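Trainee: Here is my input; please provide its structure:
(2 chains)
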Amino acid sequence: EAGVTQSPTHLIKTRGQQATLRCSPISGHTSVYWYQQALGLGLQFLLWYDEGEERNRGNFPPRFSGRQFPNYSSELNVNALELEDSALYLCASTEDGSSYNEQFFGPGTRLTVL
Amino acid sequence: AQSVTQPDIHITVSEGASLELRCNYSYGATPYLFWYVQSPGQGLQLLLKYFSGDTLVQGIKGFEAEFKRSQSSFNLRKPSVHWSDAAEYFCAVGPMEYGNKLVFGAGTILRVKS
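Mentor: Sure thing, here's the model as predicted:
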């Protein structure tokens, strides 16, 4: 069974540009979570999508947004990129939104903002 | 608000020696607790989790953790460390409500010397 996949592996952008990161959950999983792992700041929750809806949002500005498609894959968009957005962005999926489910993580997308 | 403290940023142990990684949490109710491991360039892999019941939890790769409510701790242990255990370890807490947003500790980097 394929795990969570993310693309691209690496992404280099300049300040002010927009970045789009993609995540495909494990087959059958309906919930997708996004986390940011920035140097010195640790892993922080960004967004949670379940059944196509945004269910929860972390303490991030509105220029961080995303969506979930009918096939449950997800996209994270970061607008007006700032240098401090440079980080590893991890996607995780669960069978559904229950708190009992293990979150399975993808390998991440390394975003570098120059 | 929930928080997780991992007081040791780096730990070095000799191969074959025992290991204990510390984790303390702050949460108003009984939390869900997790330990994840991240190898360089990889996503997070779940080692073990605690939801309820037996406070000594067994995980993969020979790891175990003990939930101590009185100390608000969930320390990770392994009796004999292998060189392949070198990685970064994250403790996380999840709320007992719909939507398993994880709050992570800052991580502990484990180095294994031969």
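Trainee: for chain A, which spans come out with low pLDDT?
Mentor: Where chain A drops to pLDDT under 70, the residues are A:1, A:99.
Trainee: Not counting its neighbours along the chain, what's nearest the most centrally placed residue in it?
Mentor: Among the residues of chain A, the one closest to the centroid is A:Trp34, at 3.2 Å (CA atoms, centre = their mean). Residue nearest to A:Trp34 in three dimensions, not counting chain neighbours: A:Leu46, with 4.1 Å by CB to CB, 6 or more residues apart in numbering or on different chains. C-beta: built from backbone N, CA, C; applies to glycine.
Trainee: Show the contacting residues for that neighbour.
Mentor: Contact analysis of A:Leu46 by CB atoms under 8 Å, 6 or more residues apart in numbering or on different chains lists A:33-36, A:57-58, A:60, A:64, A:76, A:89.
Trainee: pretty sure it is in a helix, no?
Mentor: No: remark: A:Leu46 does not belong to a helix; assigned using DSSP: H, G, I helix; E, B strand; the rest coil, it is strand.
Trainee: Quick check: residues of chain A near chain B?
Mentor: Residues of chain A lying near chain B by CB under 8 Å from any CB of the partner chain: A:4, A:33, A:35, A:42-45, A:48, A:50, A:55-56, A:58, A:90, A:92, A:94, A:97-108.
Trainee: right, and A:Leu90 touches B:Leu44 too?
Mentor: Yes: if you go by CB atoms under 8 Å, A:Leu90 and B:Leu44 touch, sitting 6.8 Å apart.
Trainee: Common neighbours of those two, please.
Mentor: A:Phe105.
Trainee: All the strands of chain A, in order from the start?
Mentor: Along chain A, the stretches classed as strands by DSSP state E are A:5-7, A:10-13, A:19-24, A:31-38, A:42-50, A:53-57, A:64-68, A:74-78, A:87-94, A:104-105, A:109-113.
Trainee: what helices or strands is the third one leaning on?
Mentor: If you count contacts as 3 or more CB pairs under 8 Å, 6 or more residues apart in numbering or on different chains; DSSP states H and E, strand A:19-24 packs onto strand A:5-7, strand A:10-13, strand A:74-78, strand A:87-94, strand A:109-113.
Trainee: Let's have those strands in CSV, adding mean neighbour count.
Mentor: Shown next, in CSV, are those (neighbours: other CB atoms under 10 Å in any protein chain shown):
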stretch, mean neighbour count
strand A:5-7, 15
strand A:10-13, 14
strand A:74-78, 21
strand A:87-94, 24
strand A:109-113, 19
